[in-house]
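Student: sequence plus predicted model, see below.
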2 protein chains.
Amino acid sequence: MGGLTVMRALKARLPGESFVYLGDTARLPYGTKSADTVTRYAVQASAALMQHDIKLLVVACNTASAAAVPALIATLAPLPVVGVIEPGAQAAVAAAPDGPIAVIATEGTVKGGAYVRAIQAVAPHMPVVQQACPLFVALAEEGLRDGPIAELAAQRYLNPLLATMPRPRALVLGCTHFPVLKDTIAQVAGADVVLVDSAETTAAAVERILQDSKLLNSQGARPARFLATDAPGRFAHLGEIFLGEPIDPGAVTLVDL
Amino acid sequence: MGGLTVMRALKARLPGESFVYLGDTARLPYGTKSADTVTRYAVQASAALMQHDIKLLVVACNTASAAAVPALIATLAPLPVVGVIEPGAQAAVAAAPDGPIAVIATEGTVKGGAYVRAIQAVAPHMPVVQQACPLFVALAEEGLRDGPIAELAAQRYLNPLLATMPRPRALVLGCTHFPVLKDTIAQVAGADVVLVDSAETTAAAVERILQDSKLLNSQGARPARFLATDAPGRFAHLGEIFLGEPIDPGAVTLVDL
C-alpha cells in the first residue's frame, strides 16, 4: 500500500508517463518478513509487471529495495531498476552533510542495515542511528495521520532516537507508509530536524534516468492501471490515503503471482 | 502469531497432549485478506500439519475460522476440525443470554459476519454489534499491552461500540491477538461487560471432542513443536508475548507451503 506514496511523487514529477502499479496485497506487509522471502515475492511481482511492457521498474518499498534490488537487476537486465534506498540516502547526506542522520523504517529494513550502508557509501564514517516503527504502518493504514494516538506513537519512537548525542540533523522516512504521518512526525521531531522523504528523491532519480536514456515522455500519459494480488476493492479504498487521490475500483485488476 | 494465545489455553487445559503449531509468518496477517485467499492458505497449512500425524486440527485464528472451516472439514474428513468462532459465540450467549453482544475482531472477520451468524445460530434475534480493531494487532505484536497508546486505541474502538443502546453485556475478543490486551480492554469496557476470550472456550470444546472420541491423553506429552513459514527466529522471540512462556528457537522449523 505504501508504495502509492512513491507513485504519487512520480505522477507529480512525471506527468507525461504512464504507470502500472502492483500491490502484493495477499502477502503484505513485507516489513516483518525475511530478506529471502521478500526477494522471492519481489521477483514474482516484477515478472507480472514485465508483462505490461514497462520501460523502467521502481521498487516502491523500502523493505523490498533493501532486500531484492540486486536480484531484480540481475533478473531483469537491461531494464533499469530503481529502489528507494539510495535516493533517500543521498538526500539525507545532502540535507545533513555533518550528520548525524536518523533513520526510521520497518523492522526488516532496520535489521538489514541497508540505509546505514547506503548513507556510508556516500559519506564514509557518517554516524547513523535507526529505529523500527511498526505501529506507524498500522496507523497509516487506518488513516490516523494525526491526533493523540499518532502523537504518542511518534513520541515513543522518536524521543529516544533524537535524544542521541550529537542530535541528529536529518530524519529519513525509510518506509513508504510514513509520509502519511509526515506532519505528526515533523511536529514531534522539531523544526531543527530535516525530514527526508525518499518518494520525492526517488522520483527525481527516475526522471534523471529517463532523461539520460532519452526515454522521458512529456505527454501522452494513459490513466494509471493497478494490479492487486488480493481484495482489489480494499486496495482501491485504502489506496486513496496513500495516493492522495481516489482510485477507481474498475482500474484495479486481481492477479495471481 | 495470535494463535499462540489459543495454544496457551489448550496447553493449560490439556497437559497430557502433544502439540504441533504452524505459524504462517510469511503471509500473515490474515485479518485484512479475502476469504478466498485465507481459505487457500489455510488448506495449505493444514496439509503441512497432516504430515505430523495429528489427531485433531484447531484453526487458532478467527479470520481463518470464519473463512476456511467448511473447506478444511471437507478436505480433512474424518479428522475433527475445531474453529474458534462457534466456541466463542456459545460462550458469549451463555454470558449474556439477554444480550446485546458486542464483537471486536479483524476487518476480515467483521466483514464476513461469522460471529453474527454463529451467535444467532445459538440465540436467534440476538442483537450483535461489531467493530474492527486493526491497531490492536500491531499493539499486541509490539507487546504494548497497556499504557497510554493502548488505552487511547481501546477508547477509540470501544467507546462508540459500548455506547449503543441497550448497552452490550458481553464483549467477544474475536481475534486471537486481543487476549494480550485483555487488561486494557477490560478497564476501558468497564466491570459490567463480560469479556469472552474464545481461546478458553475453544480449549474446552477440544477437550470435549477428545473425551467423546476416547482420544484424550492425560499424560505422555512431548515438548511442543513449531513450524513457521518465515523468520523462525522472529517467531520464537515474538511468540513469547502470546504463548506466555519462552519458545526455544531450536524447536521452530522453517517450512515452505
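Tutor: Happy to help now that I have it.

Student: show me which residues of chain A are close to chain B?
Tutor: Residues of chain A lying near chain B by CB under 8 Å from any CB of the partner chain: A:25-27, A:32-34, A:37, A:134-135, A:137-139, A:141-142, A:144, A:148-149, A:152-153, A:156, A:230-231, A:234. No exception for glycine: its C-beta is placed from N, CA and C like everyone else's.

Student: buried only: go through the residues you listed for me.
Tutor: Using 16 or more other CB atoms under 10 Å in any protein chain shown as the burial test, the residues of chain A next to chain B include A:25-27, A:32-34, A:37, A:134-135, A:137-139, A:141-142, A:144, A:149, A:152-153, A:156, A:230-231, A:234 as buried.

Student: give me the three-state assignment for the residue of chain A found nearest chain B.
Tutor: Proximity of chain A to chain B (CB to the nearest CB) peaks at A:Ala138, 3.6 Å away. Following DSSP: H, G, I helix; E, B strand; the rest coil, the label given to A:Ala138 is helix.

Student: residue contacts, the closest residue to it other than its chain neighbours?
Tutor: Distance criterion CB to CB, 6 or more residues apart in numbering or on different chains; nearest residue to A:Ala138, sequence neighbours excluded, is B:Ala138 at 3.6 Å. By CB atoms under 8 Å, 6 or more residues apart in numbering or on different chains, the contact list for B:Ala138 reads A:Pro134, A:Leu135, A:Val137, A:Ala138.

Student: measure how buried A:Arg222 is and give me the count.
Tutor: Per other CB atoms under 10 Å in any protein chain shown, the neighbour tally for A:Arg222 reads 9.

Student: ugh, wrong one, I meant A:Val128
Tutor: Per other CB under 10 Å, the neighbour tally for A:Val128 reads 21.

Student: what segments of chain A are helices?
Tutor: Ranges of helices in chain A, per DSSP state H, are A:3-13, A:35-50, A:62-76, A:85-95, A:107-112, A:114-122, A:134-141, A:148-162, A:182-189, A:198-212, A:232-243.

Student: in a markdown table: those, plus mean pLDDT.
Tutor: Shown next, in a markdown table, are the helices of chain A (pLDDT from 0 to 100):
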| stretch | mean pLDDT |
| --- | --- |
| helix A:3-13 | 97 |
| helix A:35-50 | 96 |
| helix A:62-76 | 96 |
| helix A:85-95 | 97 |
| helix A:107-112 | 91 |
| helix A:114-122 | 97 |
| helix A:134-141 | 94 |
| helix A:148-162 | 97 |
| helix A:182-189 | 98 |
| helix A:198-212 | 95 |
| helix A:232-243 | 95 |
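
Student: centroid residue for chain A?
Tutor: A:Thr176 (3.3 Å; CA atoms, centre = their mean).

Student: isn't A:Pro249 right up against A:Ala236?
Tutor: Yes. The criterion here is CB atoms under 8 Å, and A:Pro249 meets it with A:Ala236 at 4.2 Å.

Student: neighbour count winner among these two?
Tutor: Per other CB under 10 Å, whichever of A:Pro249 and A:Ala236 has more neighbours is A:Ala236, with 19 against 14.

Student: from A:Ile247, how far off is the more buried one?
Tutor: Distance, A:Ala236 to A:Ile247, by CB to CB, to the nearest Å: 4 Å.

Student: overlap in contacts, the two.
Tutor: A:Phe226.

Student: distance from stretch A:180-190 to the middle of the chain?
Tutor: When distances are taken as CA atoms, centre = their mean, to the nearest Å, stretch A:180-190 is centred 17 Å away from the chain's centroid.

Student: list the contacts of that stretch.
Tutor: In contact with stretch A:180-190 (CB under 8 Å, 6+ apart) are residues A:2, A:5, A:104, A:136, A:139-140, A:143, A:145-146, A:150-151, A:154-155, A:158-159, A:162, A:171, A:173, A:178, A:195, A:197, A:241-242.

Student: out of those residues, which end up buried?
Tutor: Neighbour counting by 16+ other CB under 10 Å classes A:2, A:5, A:104, A:136, A:139-140, A:145, A:150-151, A:154, A:158, A:162, A:171, A:173, A:178, A:195, A:197, A:241-242 among those as buried.

Student: now do the same for A:Val58: its pLDDT.
Tutor: With respect to pLDDT, A:Val58 has a value of 98.

Student: gap between stretch A:106-115 and the chain center?
Tutor: Going by CA atoms, centre = their mean, where stretch A:106-115 is centred and where its chain is centred differ by 13 Å.

Student: how about stretch A:47-65?
Tutor: For stretch A:47-65, the distance to the chain centre is 13 Å (CA atoms, centre = their mean).

Student: likewise stretch A:223-234?
Tutor: Chain-centre distance of stretch A:223-234: 18 Å, with CA atoms, centre = their mean.

Student: who touches it?
Tutor: Against stretch A:223-234 from outside (CB under 8 Å, 6+ apart): A:7, A:11, A:18-27, A:48-49, A:52, A:235-236, A:239, A:247, A:249, A:251-257, B:32-34, B:37, B:107.

Student: next step: the residues you listed restricted to strands.
Tutor: In strands, judged by DSSP state E, the following of these are found: A:Val20, A:Tyr21, A:Leu22, A:Gly23, A:Val252, A:Thr253, A:Leu254.

Student: mind putting the residues you listed into TSV with pLDDT?
Tutor: Below are the ones in strands among the contacts of stretch A:223-234 laid out as TSV (pLDDT from 0 to 100):
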residue	pLDDT
A:Val20	98
A:Tyr21	98
A:Leu22	98
A:Gly23	97
A:Val252	97
A:Thr253	97
A:Leu254	96
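
Student: could you pick out the buried ones from those?
Tutor: Buried members of these, counted by 16+ other CB under 10 Å: A:Val20, A:Tyr21, A:Leu22, A:Gly23, A:Val252, A:Leu254.

Student: lovely, talk soon.
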